[in-house]
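**Q** what's the 3D shape of this:
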Amino acid sequence: GLKDMGYYTLMAGDGTNDVGALKQAHIGVALLNGTKEDLTRIAEHSRNTKMKEVYQKQCDLMKRFNQPAPPVPVMIAHLYPPGPSNPNYMKAAEREAKNKNMTTEDYIKAQGHPTETIVSPGAKSLANAQDARQAEVQKKAAGFADKLASGMLEAEIGDDEPPTLKLGDASVAAPFTSKLRDVIAIPNIIRQGRCTLVATIQMYKILALNCLISAYSLSVLYLEGIKFGDTQYTISGMLMSVCFLSISRAKVVEGLSKERPQPNIFNIYIIGSILGQFAVHIVTLIYIARLCEKIEPRSGIVDLEAEFEPSLLNSAIYLLQLIQQVSTFAINYQGRPFRESLSENKAMFYGILGVSGLAFVCALELMPEINEQMKLVKFTEEFKIKMAVVMALDYVICFVIEKGLKAGFSDYHARDIAERRPEQLERENARKKIEAEKKAADEEAKRMEKVAEFERQVAERRRKLEEWRAGRRAQ
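**A** Here you go, the predicted model:
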């Protein structure tokens, strides 16, 4: 079957005669007999039940202290009979009548609740909170429990009882179950699965690059005496936290695309992209470190236990690593056609723009106050330009590596649904060749027809011009 040929299969059924197929498929989806209206009623019933439980606890608490029952919340006021503790009944009845395309009077009659009690003296006394009528309110509150029980009983046996969706053999055989009777859940499962796979591969790439850069920083650069200050570590940590949080909040896009995500991380595109970007980051770090040594040579042996002191080397390496972290998230972010793009993910987009702008502002010393707060030393004019150019090149080269390897080595095409024999392929190629030749001949004929039409127009204009000249000579 299709599984033996290496295809991933999906089966959706209600379990009538397809339980075996639901078990054998890679993705089995059991279909129940629900509709969208049923799901809406079930959700509404669940919400109302929770609200009623909360309100009942409030009533019990007030009754324990010999206090009148609190007003019924507006969300569930239509479920209780009107009375002194339900001043919101009319508002809730109007809302429910509008949802059911009924008049308020018809809805109240259907519920069997009289409308006169809404404006009863008990309700007025509750609204005005007058001490003179407090005794009357407490007296009526004693009978509220009976009304509440009767109202809940009527709700349970009434026509508004939500439908019950029973699980069958299909739900036992299939790992997924859709409450709807149609297959609308199938594209949702595929979209969410693709989004999860893309997010997982994206996280692997980002973590791999961050780990490689951190390994180099915590070993080689540490032995050279490079340390960062508390403010610098705080900014870097906040950047990482915001970026990881924003990545996890990216939403899946509507609709399915022909492009497929990468099935695994062990391919030329992903491994090559990680190694290529890491090589660029390491080269730029080494270049800046050597450039700082030429401008500001170190004296003596490096004290690894010394406290942090701002220096040219520390400041330059920090700014370069900051832009490298930004480029790691921005370049390796996977958006369309599976998830929302980077520009649509507002939190991450503006965060990356802000940190990138901060790094270049500090590198060019456009605002010296920020450099002082971040414990950065002053740069020379020549070093500012070199630093900004290296930061820009680091981002651009990594971007080119990512997009180039993706265009050349990413496997995003779908597999053929059927395998063809060699003679079938030959006939298909011959048919395509004939169609291409016919298309080329038609295009050539159209082109020659346009040329002939143009020549006729030129000849006609030439004839008219000669007639005009002959008329001028005759005059």
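**Q** From here on, just use CA atoms for contacts and neighbour counts.
**A** OK.
**Q** Tell me the helix or strand right after the helix or strand harbouring residue 388.
**A** Per DSSP states H and E, residue 388 falls inside helix 381-409. Per DSSP H and E, helix 381-409 leads on to helix 422-474 as the next helix or strand towards the C-terminus.
**Q** For that following helix, the averaged confidence score.
**A** The average pLDDT within helix 422-474 is 89.
**Q** For it, what is the distance to the chain centroid?
**A** Taking CA atoms, centre = their mean, to the nearest Å, the mean C-alpha location of helix 422-474 is offset from the chain mean by 52 Å.
**Q** Could you do stretch 276-290 as well?
**A** Chain-centre distance of stretch 276-290: 33 Å, with CA atoms, centre = their mean.
**Q** Just the buried residues of that stretch, please?
**A** 276-278, 280-281, 284-285, 288-289 (16 or more other CA atoms under 10 Å).
**Q** Now render these as TSV, adding pLDDT, secondary structure and distance to residue 442.
**A** Converted to TSV, the buried residues of stretch 276-290 look like this (pLDDT from 0 to 100; DSSP: H, G, I helix; E, B strand; the rest coil; distance: CA to CA, whole Å):
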residue	pLDDT	secondary structure	distance to residue 442
276	93	helix	48
277	92	helix	49
278	92	helix	53
280	93	helix	51
281	91	helix	54
284	91	helix	56
285	88	helix	60
288	88	helix	62
289	85	helix	65
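**Q** Give me the nearest residue to residue 168, chain neighbours excluded.
**A** residue 15 (7.4 Å; CA to CA, 6 or more residues apart in numbering).
**Q** Is that neighbour part of a helix or strand, or is it coil?
**A** coil (DSSP: H, G, I helix; E, B strand; the rest coil).
**Q** and it, how many residues sit next to it?
**A** By other CA atoms under 10 Å, the residues close to residue 15 number 21.
**Q** Same question for residue 21.
**A** Residue 21 has 20 nearby residues by other CA under 10 Å.
**Q** Check residue 233 too.
**A** Neighbours around residue 233, by other CA under 10 Å: 14.
**Q** That one and residue 240: what is the separation?
**A** 11 Å (CA to CA, to the nearest Å).
**Q** got it, and residue 441?
**A** Taking CA to CA, one finds residue 441 at 60 Å from residue 240.
**Q** So residue 232 sits against residue 374, correct?
**A** Yes - here residue 232 reaches residue 374: they are 6.2 Å apart, a contact under CA atoms under 8 Å.
**Q** Break down the stretch 1-150 of the chain into its helices, ranges please.
**A** With DSSP state H, counting those that start in this stretch applied, the stretch 1-150 of the chain shows helices at 19-24, 36-64, 89-99, 104-111, 121-128, 134-142, 144-157, listed in chain order.
**Q** got it, and the stretch 251-400 of the chain?
**A** 268-295, 312-332, 346-364, 368-373, 381-409.
**Q** among those, which is the most enclosed?
**A** helix 312-332 (a mean of 22; mean count of other CA atoms under 10 Å).
**Q** most centrally placed residue in this structure?
**A** For the chain, the residue nearest the mean C-alpha position is residue 251 (1.2 Å; CA atoms, centre = their mean).
**Q** Could you double-check that that one sits in contact with residue 339?
**A** Yes - Residue 251 lies in contact with residue 339 (CA under 8 Å); the separation is 5.8 Å.
**Q** For residue 359, list the residues it contacts.
**A** 319, 322-323 (CA atoms under 8 Å, 6 or more residues apart in numbering).
**Q** can I get those residues in CSV with pLDDT and distance to residue 456?
**A** CSV is the format used below for these (pLDDT from 0 to 100; distance: CA to CA, whole Å):
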residue, pLDDT, distance to residue 456
319, 87, 70
322, 86, 69
323, 89, 65
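**Q** residue ranges with poor pLDDT in the stretch 51-200 of the chain?
**A** Within the stretch 51-200 of the chain, the ranges that satisfy pLDDT under 70 run 111-166.
**Q** can you list the domains in the protein?
**A** The record's domain parsing of the chain by automatic domain parsing lists 39-142, 186-409, 423-475.
**Q** Which parts of the stretch 101-250 of the chain are strands?
**A** 176-180 (DSSP state E, counting those that start in this stretch).
**Q** what's the least confident stretch among the helices of the stretch 251-400 of the chain?
**A** helix 368-373 (a mean of 83).
**Q** Counting by contacts, list what it packs against.
**A** helix 346-364 (3 or more CA pairs under 8 Å, 6 or more residues apart in numbering; DSSP states H and E).
**Q** quick one, the helix it packs on and helix 312-332 angle?
**A** Here helix 346-364 points in a direction 150 degrees away from that of helix 312-332 (axes from the mean of the first three to the mean of the last three CA atoms, to 10 degrees).
**Q** Return helix 346-364 as PDB; C-alpha atoms alone will do.
**A** The C-alpha trace of helix 346-364 is given here as PDB (Å, rounded to 0.1, in the frame of the first residue of the first chain):
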ATOM      1  CA  LYS A 346       5.300  42.700  16.200                       C
ATOM      2  CA  ALA A 347       7.000  42.100  19.500                       C
ATOM      3  CA  MET A 348       9.900  40.300  18.000                       C
ATOM      4  CA  PHE A 349      10.200  42.700  15.000                       C
ATOM      5  CA  TYR A 350      10.300  45.800  17.100                       C
ATOM      6  CA  GLY A 351      12.600  44.200  19.700                       C
ATOM      7  CA  ILE A 352      15.100  43.200  17.000                       C
ATOM      8  CA  LEU A 353      15.000  46.700  15.400                       C
ATOM      9  CA  GLY A 354      15.500  48.300  18.800                       C
ATOM     10  CA  VAL A 355      18.500  46.200  19.800                       C
ATOM     11  CA  SER A 356      20.000  46.500  16.400                       C
ATOM     12  CA  GLY A 357      19.600  50.300  16.500                       C
ATOM     13  CA  LEU A 358      21.100  50.300  20.000                       C
ATOM     14  CA  ALA A 359      24.200  48.300  18.900                       C
ATOM     15  CA  PHE A 360      24.900  50.700  15.900                       C
ATOM     16  CA  VAL A 361      24.200  53.800  18.000                       C
ATOM     17  CA  CYS A 362      26.800  52.600  20.600                       C
ATOM     18  CA  ALA A 363      29.300  51.600  17.900                       C
ATOM     19  CA  LEU A 364      29.100  55.000  16.200                       C
END
